[in-house]
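A.B. asks: fold the following and give me the result.
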Amino acid sequence: MDQKYVVDKDLEAGTLTLKEMAETDVGKFSVLHQESFPLEVVEAALPGGADALIAMFRNHDFFPPAFSANTLAEGILSMFGADEKTTVKIAFCDNDALESAQEEPQEALVTDEKELVEIDKLLDDTDETHPPEVEP
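C.D. replies: Numbering: from 1, shown residues only. Below you'll find the predicted structure:
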């Protein structure tokens with residue numbers, strides 16, 4: 001799914017607004033979430049870099065995955081650099097994030113012979129209980 005983030009810095013209102021948008025039809029985007037932060041709060045987080053910005057904007061209602069959050073934080077950082085911008089648009093496809101994540105190989109479930117013996121004991125068919133006797 002194609003997604004966009006639009007980040008607007010409004011100097012008059014003293015806010016930074018984040019809009020999360022998703023493609024609902026070919027070429028048509030709808031706003032999924034919008035949130036504004038006071039510029040003072042954003043500027044206080046800037047010296048901490050991307051991690052501090054992510055901690056600032058992530059909350060119960062807005063919690064983008066790591067790939068999106070890092071991209072968004074880098075976009076916000078670019079707005080306050082030497083080339084100050086008032087608007088940044090960040091577009092990406094979720095498939096890009098999924099393809100870039102490398103799957104780690106699974107480790108063996110049983111790591112040594114002792115564990116294997118313990119598991120075999122659990123699977124033993126011998127049952128010490130006897131079925132109840134039925135009277136004729």
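
A.B. asks: and the most centrally placed residue in the chain, what's its pLDDT?
C.D. replies: Note on the chain: the residue nearest the mean C-alpha position is residue 65, at 1.6 Å, using Cα atoms, centre = their mean. As predicted, residue 65 sits at a pLDDT of 89.

A.B. asks: residue 113 now?
C.D. replies: 62.

A.B. asks: what does the one 5 residues further on give?
C.D. replies: At residue 118, the predicted lDDT confidence score is 69.

A.B. asks: please apply the same query to residue 84.
C.D. replies: In this prediction residue 84 is given a pLDDT of 80.

A.B. asks: before we move on, what SS does it have?
C.D. replies: Secondary structure for residue 84, judged by DSSP: H, G, I helix; E, B strand; the rest coil, is coil.

A.B. asks: how many other residues sit next to it?
C.D. replies: Neighbours of residue 84 under the rule other Cβ atoms under 10 Å: 10. For glycine as for every other residue, the C-beta is placed from the backbone atoms N, C-alpha and C.

A.B. asks: one more: residue 66?
C.D. replies: Residue 66 has 10 neighbouring residues, counting by other Cβ under 10 Å.

A.B. asks: can you tell me how far it sits from residue 58?
C.D. replies: Counting by Cβ to Cβ, to the nearest Å, the gap from residue 66 to residue 58 is 10 Å.

A.B. asks: how about stretch 37-52: buried residues?
C.D. replies: Residues of stretch 37-52 classed as buried: 37, 39, 42, 45, 50 (neighbour count, 16 or more other Cβ atoms under 10 Å).

A.B. asks: sitting in strands, which of those do you find?
C.D. replies: residue 37 (DSSP state E).

A.B. asks: pull the most distant pair out of the buried residues of stretch 37-52.
C.D. replies: For these, the maximum inter-member distance is 17.9 Å, found between 39 and 50 (Cβ to Cβ).

A.B. asks: helix, strand or coil for residue 69?
C.D. replies: helix.

A.B. asks: ok, now how distant is it from residue 24?
C.D. replies: For residue 69, the distance to residue 24 - Cβ to Cβ - is 22 Å.

A.B. asks: name the residue in the two with the higher neighbour count.
C.D. replies: More neighbours surround residue 69 than the other of residue 69 and residue 24, with 19 against 12 (other Cβ under 10 Å).
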